[in-house]
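>>> Kindly return the folded structure for what I paste below:
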Amino acid sequence: MRRGGTAQGADRTASGATALRTPPPPPWARRAGHVAWVAPILGFIPLHIPWIFGIPLFAHPDPFREWYHGRGPGAGDHPVDGLLGLPAGALYLTVLCVLAGLGGVLALGLISDWGLIFPRWIPVLRGHRVPRWLPLTPTVLGSALMIGYVATLPWRFAAELADTNPEDDIFTTTGVLLGLPLLLAWAIALPVAGWSYYRRTRAPRRLPAGKTRCA
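Numbers count the residues shown, from 1 in each chain. Presented below is the predicted three-dimensional model:
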């Protein structure tokens, strides 16, 4: 029993030493990390909560109501329920908010110590080094999805400007102008914070014998 405790203590000490050897994020990465968690958790999620409950905030009521209940063309007034009896729109928005919350936690971990070493409240894994692939994989995937979506926005805006009946759109211009800066900030800040995490956590390169690293 004592040997096991000693081994666990040695593992924690080794993990702590590894974390200490990892350089802290530079100021620009810290700013990017904070933007990347504030944008989804304090911006994206609060904006979408009224829509989850069917409140057409910054949206045109009739098109929003049809979309919220999953009514397709020719469906009339018959609502299409999603999983567990929830309206299709509510289910979709709930999933988006959960993913946004996880993305915010991910972004904060990229600039925090618990993004390097599992914290105490995680059983079994606490005190162990966080594998680099664990935060970097969702960071790369999430960044690629958001950048790809943002890249389509010019064509979306061009189509909306050419629309002769804007009231048929689900969201108002105000709603779009509120959500667009959050999305742009998130799409830029997350990959920047992820790049810093990647650079900080990669193994140091070995120098040839007889050479020293320049300051």
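>>> would W121 count as being in a helix?
No - checked against DSSP: H, G, I helix; E, B strand; the rest coil, W121 lies outside a helix; its state is coil.
>>> Next up, the contacts around it.
If you count contacts by Cβ atoms under 8 Å, 6 or more residues apart in numbering, W121 has none. The way it works is simple: take the backbone N, C-alpha and C, and place the C-beta from them, glycine included.
>>> Need the pLDDT of it.
In the prediction, the pLDDT value recorded for W121 is 88.
>>> The one 10 residues further on now?
According to the per-residue confidence, P131 scores 95 in pLDDT.
>>> separation between it and P119?
From P131 across to P119, the span is 15 Å (Cβ to Cβ, to the nearest Å).
>>> ok, the two, which is more surrounded?
Neighbours per residue (other Cβ atoms under 10 Å) separate P131 from P119, with P119 holding more: 14 against 10.
>>> Which residue, neighbours along the chain excluded, lies closest to that one?
Distances taken as Cβ to Cβ, 6 or more residues apart in numbering place R126 nearest to P119, at 6.3 Å, with adjacent residues excluded.
>>> Go ahead and confirm that neighbour touches W114.
No - R126 is not in contact with W114 according to Cβ atoms under 8 Å; the separation is 9.9 Å.
>>> ranges for the helices of the protein?
2-21, 27-38, 45-52, 61-68, 88-109, 133-151, 153-162, 173-201 (DSSP state H).
>>> can you redo the ones you listed as a markdown table with mean neighbour count?
Formatted as a markdown table, these follow (neighbours: other Cβ atoms under 10 Å):
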| stretch | mean neighbour count |
| --- | --- |
| helix 2-21 | 11 |
| helix 27-38 | 19 |
| helix 45-52 | 17 |
| helix 61-68 | 17 |
| helix 88-109 | 18 |
| helix 133-151 | 15 |
| helix 153-162 | 10 |
| helix 173-201 | 18 |
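>>> List the contacts of the residue nearest the centre of the chain.
With distances taken as Cα atoms, centre = their mean, G103 lies nearest the centre of the chain, 2.3 Å away. Taking Cβ under 8 Å, 6+ apart, we find G103 in contact with A36, W37, P40, P138, G142, W186, L190.
>>> Noted, bye for now.
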